[in-house]
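Undergrad: Next comes the sequence, and after it the predicted model I'd like to discuss.
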Amino acid sequence: MTYPKIERKDFSCLQLDAKNPRLGHQFIQSQPSQEAILKRMKDWTLEELGVSFIQSGFWPQEALIVLEKDDQLTVLEGNRRLAALQLLHQAAQGDSSSVKWKKIAADAPPRKVEELRFIPCMTVTDRREIQAYLGFRHVTGIKQWAPAEKASYIAHLIEKENLSYQEVMRCIGSKTPTVRQHYIAYRLLIQIEEEVSDVSMENLEERFSVMYLSIRSTGTQSFLKIDMTAETPSKNFRPVPKSKLEALTNFAQWLFGTETKKPLFSDSRDTDTFGRILGNEKSLAYLERTPNPSFKVAARLSGSEETAVLENIEKATDEVEEALSVMHLHKNSRRLCNAMDRFGRGAITLIEMFPDLYDSRIIKESR
């Protein structure tokens, strides 16, 4: 393989990538201008890059990867670095309203800023030349994108480059089930955008990771009739069949909320419980008939509360059994005695809740 050589280019000739997955699906679809892209990127903690450039310069090993096509130079890798440079130069020229960037530029010697005009770049002529690199770096590597950004990139490889699940897996160094789950979640997002009207569009992409986690549950898969084992992406292009569009609407409104109602739950750690709710007749009927359902009530009806308690008891039992193997070595420890007193009181209270396990007289005598 021949690697492109590093050349220095005037940063003012470079464009931010309007197809950068980090920008978000809806924003990319709007075909944003360079000004709009830079405005959206201002919240990406770019100031620290500006300070680093002033102090250490722009290292060759951090060279931007640039696509040269149709007389345009578009940055495919290093958009945060380019945006930071643009904001720094704007501030140095007095064209910035940002107090932070004004201070960064004011503290920088003019010579340092001018040195940052020509920056190291590697030029390619086709996005496909670096798709494996980007996939490995941002999907499975050390600079990982958020789930929505990973899913968008995987969808690009499948739909624009016509790669199979297995080919994407080999390209980015991931596992086939993970690739499939990202793609299904992405297509589910698109289906919700197209077919569900009363849903909070503001939350749709922000809570993508919650949806991504929720489709792992067999309860969610059954509720929406999603096939998580399909061998080809074409079978997942519309994950939810027409017969389940009403269920899709309910799912989207419970997960993302509407213009007038908040989501059913906010913590991503509750996605497994949400799946159990969707897979239980009683809890599902409660959600469907109640205008403003409670997540706690639905969880209790689904038996999730019992499951959580059981998991805690089993975990505690495992810890106790491990402690028993060395307990005799520390019988004189005051801290251990205090901990045992607390543990014993809790254990007795729990046992009293199950009178069939032990004779209550024995419990009373042990006090």
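TA: Everything's here; your move. Keep in mind that what you see is a predicted model, and the values were worked out from it rather than measured.

Undergrad: show me where pLDDT drops low in the stretch 51-200 of the chain?
TA: Applying pLDDT under 70 to the stretch 51-200 of the chain flags the ranges 141-142.

Undergrad: the helices in it, which residues?
TA: Counting by DSSP state H, counting those that start in this stretch, one finds helices in the stretch 51-200 of the chain at the ranges 79-92, 99-106, 110-115, 131-135, 147-159, 165-172, 176-195.

Undergrad: could I get those helices as CSV with distance to N236 and mean neighbour count?
TA: From N, CA and C alone the C-beta is placed, and that goes for glycine too. Formatted as CSV, those follow (distance: least, Cβ to Cβ, whole Å; neighbours: other Cβ atoms under 10 Å):
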stretch, distance to N236, mean neighbour count
helix 79-92, 29, 22
helix 99-106, 44, 16
helix 110-115, 49, 13
helix 131-135, 19, 19
helix 147-159, 9, 23
helix 165-172, 9, 19
helix 176-195, 5, 20
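
Undergrad: As CSV, these with distance to N203 would be great.
TA: Compiled in CSV, those are given as follows (distance: least, Cβ to Cβ, whole Å):
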stretch, distance to N203
helix 79-92, 25
helix 99-106, 29
helix 110-115, 40
helix 131-135, 27
helix 147-159, 12
helix 165-172, 28
helix 176-195, 11
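
Undergrad: Which residue ranges of the stretch 201-350 of the chain form helices?
TA: 201-206, 208-214, 218-224, 245-256, 271-278, 281-289, 295-302, 304-324, 334-352.

Undergrad: Figure out which of the helices of the stretch 51-200 of the chain is closest to C337.
TA: C337 lies closest to helix 147-159 among the helices of the stretch 51-200 of the chain, at 47.3 Å (Cβ to Cβ).

Undergrad: Could you check how far that closest one is from the centre of its chain?
TA: 13 Å (Cα atoms, centre = their mean, to the nearest Å).

Undergrad: same deal with stretch 207-223?
TA: How far stretch 207-223 lies from its chain's middle: 13 Å, per Cα atoms, centre = their mean.

Undergrad: Would you mind writing the CA trace of it as CSV?
TA: C-alpha atoms of stretch 207-223 as CSV (Å, rounded to 0.1, in the frame of the first residue of the first chain):
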residue,chain,number,x,y,z
ARG,A,207,-31.1,9.7,23.0
PHE,A,208,-29.9,7.5,20.1
SER,A,209,-27.6,5.6,22.5
VAL,A,210,-30.6,4.7,24.7
MET,A,211,-32.5,3.3,21.7
TYR,A,212,-29.3,1.4,20.6
LEU,A,213,-29.1,-0.2,24.0
SER,A,214,-32.9,-1.0,24.2
ILE,A,215,-32.9,-3.1,21.0
ARG,A,216,-30.6,-5.6,22.7
SER,A,217,-33.6,-6.8,24.8
THR,A,218,-35.7,-9.7,23.6
GLY,A,219,-38.8,-7.8,24.9
THR,A,220,-38.1,-4.9,22.6
GLN,A,221,-37.3,-7.1,19.7
SER,A,222,-40.5,-9.1,20.1
PHE,A,223,-42.6,-5.9,20.6
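
Undergrad: buried residues in that stretch?
TA: Of all the residues in stretch 207-223, those buried under the rule 16 or more other Cβ atoms under 10 Å are 207-215, 217, 219-221, 223.

Undergrad: May I see those organised as JSON lines, with distance to Q181 and pLDDT added?
TA: What follows is those, written out as JSON lines (distance: Cβ to Cβ, whole Å; pLDDT from 0 to 100):
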{"residue": "R207", "distance to Q181": "16", "pLDDT": "91"}
{"residue": "F208", "distance to Q181": "12", "pLDDT": "92"}
{"residue": "S209", "distance to Q181": "12", "pLDDT": "93"}
{"residue": "V210", "distance to Q181": "14", "pLDDT": "95"}
{"residue": "M211", "distance to Q181": "11", "pLDDT": "95"}
{"residue": "Y212", "distance to Q181": "7", "pLDDT": "95"}
{"residue": "L213", "distance to Q181": "9", "pLDDT": "95"}
{"residue": "S214", "distance to Q181": "11", "pLDDT": "96"}
{"residue": "I215", "distance to Q181": "7", "pLDDT": "96"}
{"residue": "S217", "distance to Q181": "12", "pLDDT": "95"}
{"residue": "G219", "distance to Q181": "16", "pLDDT": "96"}
{"residue": "T220", "distance to Q181": "12", "pLDDT": "97"}
{"residue": "Q221", "distance to Q181": "11", "pLDDT": "97"}
{"residue": "F223", "distance to Q181": "16", "pLDDT": "97"}
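
Undergrad: and of these, the nearest to R335?
TA: Lowest distance from R335 to the buried residues of stretch 207-223 (Cβ to Cβ) belongs to L213, with 38.8 Å.

Undergrad: From what I see, the closest one and T271 are in contact.
TA: Yes: using Cβ atoms under 8 Å, L213 and T271 qualify as a contacting pair, with a distance of 4.2 Å.

Undergrad: Mind listing the shared neighbours of those two?
TA: Taking Cβ atoms under 8 Å, 6 or more residues apart in numbering as the criterion, L213 and T271 do not both touch any residue.
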